[in-house]
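# Show me how the following folds:
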Amino acid sequence: MLLSRANLDCKDFASTENIRRILQTVCVTPENTVATDSYTLVEVSTIKTDDKPYPCGANKEVLDADIQGKLLIPASAIEKAGKNIP
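Sure, this is the predicted structure:
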């Protein structure tokens, strides 16, 4: 599963309030990326790829190539990671 810049930009729609922590995350599935602040909902489709197992780590193991469920990533973590992407 590959994520585009548009997928990562969903973080801008995640809540910044500490009242409900779950709203401060971005939900990533193999089909789409979703974020909400309880007023606005944004959904971006994930890039469709072939079945190649990538990316590979230093020990040549596949890193989450077959995520079957939902993955919740804190918007703050996406913000930090996004600064390292050209």
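
# now the residue most central in space within the chain, nearest residue through space, not along the chain?
Nearest residue to the geometric centre of the chain (Cα atoms, centre = their mean): V28, 4.4 Å. Nearest non-adjacent residue to V28, counting by Cβ to Cβ, 6 or more residues apart in numbering: L71, 4.6 Å away. All C-beta atoms are positioned from the backbone trio N, CA, C, and that covers glycine.

# and that neighbour, how far is that from K11?
Counting by Cβ to Cβ, to the nearest Å, the separation of L71 from K11 is 14 Å.

# Pull the residues that contact the longest helix anywhere in the chain.
The longest helix of the chain (DSSP state H) is helix 75-82. Helix 75-82 has contacts (Cβ atoms under 8 Å, 6 or more residues apart in numbering) with 8, 10-11, 14, 24-26, 35.

# of the residues you listed, closest to S45?
Taking Cβ to Cβ as the measure, S45 sits nearest to C10 out of those, at 11.3 Å.

# Show me what counts as buried in stretch 21-32.
Buried residues in stretch 21-32, defined by neighbour count with 16 or more other Cβ atoms under 10 Å: 23-28.
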